[in-house]
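Peer 1: Return a 3D structure for these sequence lines:
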Amino acid sequence: MQPYLLFVTKCRENIMSKPKIAIIISSTRESRFADKPAQWLLAKAQERSEFDVELVDLRDFDLPFFDEVASNMWAPSQDPKAIAWQKKVGEFDGYIFLVAEYNRSITAALKNALDQAYVEWTKKPAAYVGYGSVGAARAIEQLRLINVELQMVPVRHGVHIGGSEFFTVWGGGKNEPMEAIEPVIARASTICSTTLDGGPLPPRLPATARSSYRRRINPGCIARLTRAARTGGPFLLPCGMSPFCHGRGLDRLNHDPAQRGVRCWTGWQQQATF
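Peer 2: Reported below is the predicted structural model:
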């Protein structure tokens, strides 16, 4: 086949094929919680017809610690296991990282896996689902920086399964199915973003509910959040978290209002929209 005809054929194949997305499980511990949200996330992703999805478990690759002369951006890797990992990463058009948080950071296994490739990550989107007491928010923020350095394209929003929602589905808590927290995730997603066609946010809560929130929330928090809503500024709250962080799904942390001043994100988000 003529070279230009081969090029056109390949272009047509790429246009007609669906994007292939990897869900990467970041934890490799025997006692990990990751398998439960991984299967749930895979099932939710498979409901979409716009792309194909595959679960990629770091356990299956037995990667050594990075020990190459340089990133494969600058020199070919020599270790066969690293090369096999690079080929696997290269199969995909985008990635959803299922993130566990260890000591405010990502797992060592995930950092090593990211370091073992470079070319294969470049110019591809990265999305995030985190779980833990604060929904792996701190680990995901670090992961975003690493992804930027790899010339990836991190998405703006993430799913953070934290606080009471995490303890609802965690094996050490209520151990309920992941579907039990889907209404909360859907609600948080709707509150924190408008629809793609510019539609309105959900209606404000009834007056009785708003009054209840006023009694539960520290007035100082209400004032700061109202200011943040009007100016778009990242005001820190007495709980140490900002509206930006809470807006990414860290809802219902159930802090003691006498100590921290915040009880329910959904409540003071509504308060801030007055």
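Peer 1: from what I can see, residue 54 looks like it's in a helix, true?
Peer 2: No. Applying DSSP: H, G, I helix; E, B strand; the rest coil, one finds residue 54 to be strand, outside a helix.
Peer 1: The nearest residue to it once chain neighbours are set aside: how many residues sit nearby?
Peer 2: Using Cβ to Cβ, 6 or more residues apart in numbering and skipping the chain neighbours, the partner closest in space to residue 54 is residue 22 (5.7 Å). Where C-beta positions appear, they are placed from N, C-alpha and C, glycine not excepted. Neighbour count of residue 22, defined by other Cβ atoms under 10 Å: 19.
Peer 1: just residue 31 next, same as before
Peer 2: When neighbours are counted by other Cβ under 10 Å, residue 31 registers 6.
Peer 1: What of residue 110?
Peer 2: 24.
Peer 1: so what pLDDT did residue 185 get?
Peer 2: With respect to pLDDT, residue 185 scores 86.
Peer 1: The residue nearest to residue 54 and residue 90 touch, don't they?
Peer 2: No. Assessed by Cβ atoms under 8 Å, residue 22 is found out of contact with residue 90, at 10.5 Å.
Peer 1: and residue 173, which of the three is it?
Peer 2: Residue 173 - assigned by three-state DSSP - is coil.
Peer 1: Kindly report the same for residue 166.
Peer 2: Judged by three-state DSSP, the three-state class of residue 166 is helix.
Peer 1: circling back to that earlier point, how much space separates the residue nearest to residue 54 from residue 169?
Peer 2: Per Cβ to Cβ, to the nearest Å, residue 22 is found 23 Å from residue 169.
Peer 1: the helices in the stretch 101-250 of the chain, which residues?
Peer 2: Along the stretch 101-250 of the chain, the stretches classed as helices by DSSP state H, counting those that start in this stretch are 108-115, 137-149, 163-169, 182-191, 207-216, 219-231, 243-246.
Peer 1: May I see the buried residues of the first one?
Peer 2: Burial within helix 108-115, assessed by neighbour count using 16 or more other Cβ atoms under 10 Å, is assigned to 109, 110, 111, 112, 113, 114, 115.
Peer 1: Same list (the residues you listed) but as CSV, adding distance to residue 52 and pLDDT.
Peer 2: Output for those, formatted as CSV (distance: Cβ to Cβ, whole Å; pLDDT from 0 to 100):
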residue, distance to residue 52, pLDDT
109, 25, 98
110, 23, 98
111, 27, 98
112, 27, 98
113, 21, 98
114, 23, 98
115, 27, 97
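Peer 1: In these, find the pair that's most separated.
Peer 2: Comparing all pairs in those by Cβ to Cβ, the longest separation belongs to 109 and 115, at 11.0 Å.
Peer 1: Cool, thanks, talk later.
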